[in-house]
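Q: no FASTA, just this:
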């Protein structure tokens with residue numbers, strides 16, 4: 001974090017210094033134009049287009065540095081979230097197994113955080129808790145159990161994590177609509 005603030009402060013100081021130099025050169029140009037010069041062969045040493053180009057490039061560079069810092073911090077937070085405080089050790093092992101240098105790892109984190117997250121298996125994997133319907137045996141299939149309020153309350157007791165799944169909530173709403181008042185069998 002301190003490094004990020006230092007980089008931003010340095011970039012801000014550099015931009016301020018550049019701005020001051022540009023202002024000074026513009027003042028010098030203005031004073032040359034208003035003061036008659038005995039030597040007409042002296043041309044201004046700074047072209048205004050060059051100044052614009054230089055300022056534009058510095059601003060783009062500063063913006064790029066900020067974006068890279070944001071990307072780096074995003075990756076760092078994902079690493080800390082998944083591996084805790086020893087994320088550096090885990091990252092070192094994984095980068096070694098991929099034959100990547102520290103510089104390559106850092107560059108990837110700064111330039112393309114999504115590729116970094118995918119490469120180092122940091123993307124959240126969605127687990128689907130799906131309960132398959134009961135299978136029937138032979139020619140006498142059991143009648144399907146009606147999914148009523150008591151059915152869902154039993155599910156909540158047995159598997160609270162599955163009961164909180166969004167798909168279960170949607171199915172419960174559909175069952176409620178399909179069964180009407182029969183749904184509330186309590």
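A: Perfect, thanks for sending it. The model shown is predicted, which means the values in this text are computed figures rather than measured ones.

Q: what about the residue nearest to residue 151 when sequence neighbours are not counted, which SS state?
A: Using Cβ to Cβ, 6 or more residues apart in numbering and skipping the chain neighbours, the partner closest in space to residue 151 is residue 145 (6.6 Å). For glycine as for every other residue, the C-beta is placed from the backbone atoms N, C-alpha and C. Using DSSP: H, G, I helix; E, B strand; the rest coil, the structure places residue 145 in coil.

Q: roughly how far is the lengthiest helix in the chain from the heart of the chain?
A: For the chain, the helix that runs over the most residues, judged by DSSP state H, is helix 48-83. Chain-centre distance of helix 48-83: 14 Å, with Cα atoms, centre = their mean, to the nearest Å.

Q: cool, stretch 106-114 as well?
A: 11 Å.

Q: the residue nearest to residue 151 touches residue 155, doesn't it?
A: No: with contact defined as Cβ atoms under 8 Å, residue 145 does not reach residue 155; the gap is 11.2 Å.

Q: more neighbours, these two?
A: A side-by-side neighbour count of residue 145 and residue 155, using other Cβ atoms under 10 Å, places residue 155 first with 16 against 9.

Q: okay, domains of the chain per the record?
A: 8-30+47-119, 149-183 (automatic domain parsing).

Q: need the ones you listed in JSON lines with distance to residue 131 and mean pLDDT, can you?
A: Shown next, in JSON lines, are the domains of the chain (distance: least, Cβ to Cβ, whole Å; pLDDT from 0 to 100):
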{"stretch": "domain 8-30+47-119", "distance to residue 131": "29", "mean pLDDT": "87"}
{"stretch": "domain 149-183", "distance to residue 131": "7", "mean pLDDT": "89"}
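
Q: quick check: chain neighbours aside, which residue is closest to the residue nearest the centre of the chain?
A: Centroid-nearest residue in the chain, with Cα atoms, centre = their mean: residue 74, separated by 5.2 Å. Counting by Cβ to Cβ, 6+ apart, the nearest residue to residue 74 once its immediate chain neighbours are dropped is residue 113, at 5.3 Å.

Q: again with residue 123
A: residue 117 (5.2 Å).

Q: helices or strands up against the one helix or strand that neighbour maps to?
A: Counting by DSSP states H and E, the element that carries residue 117 is helix 113-119. Of the remaining helices and strands, those touching helix 113-119 by 3 or more Cβ pairs under 8 Å, 6 or more residues apart in numbering; DSSP states H and E are helix 48-83, helix 102-111.

Q: residues near residue 103, how many?
A: Residue 103, neighbours per other Cβ under 10 Å, totals 8.

Q: pretty sure residue 131 sits against residue 162.
A: Yes: between residue 131 and residue 162 there is a contact under Cβ under 8 Å: 7.1 Å.

Q: residue contacts, residue 185?
A: Residues near residue 185 by Cβ atoms under 8 Å, 6 or more residues apart in numbering: 148, 149, 150.
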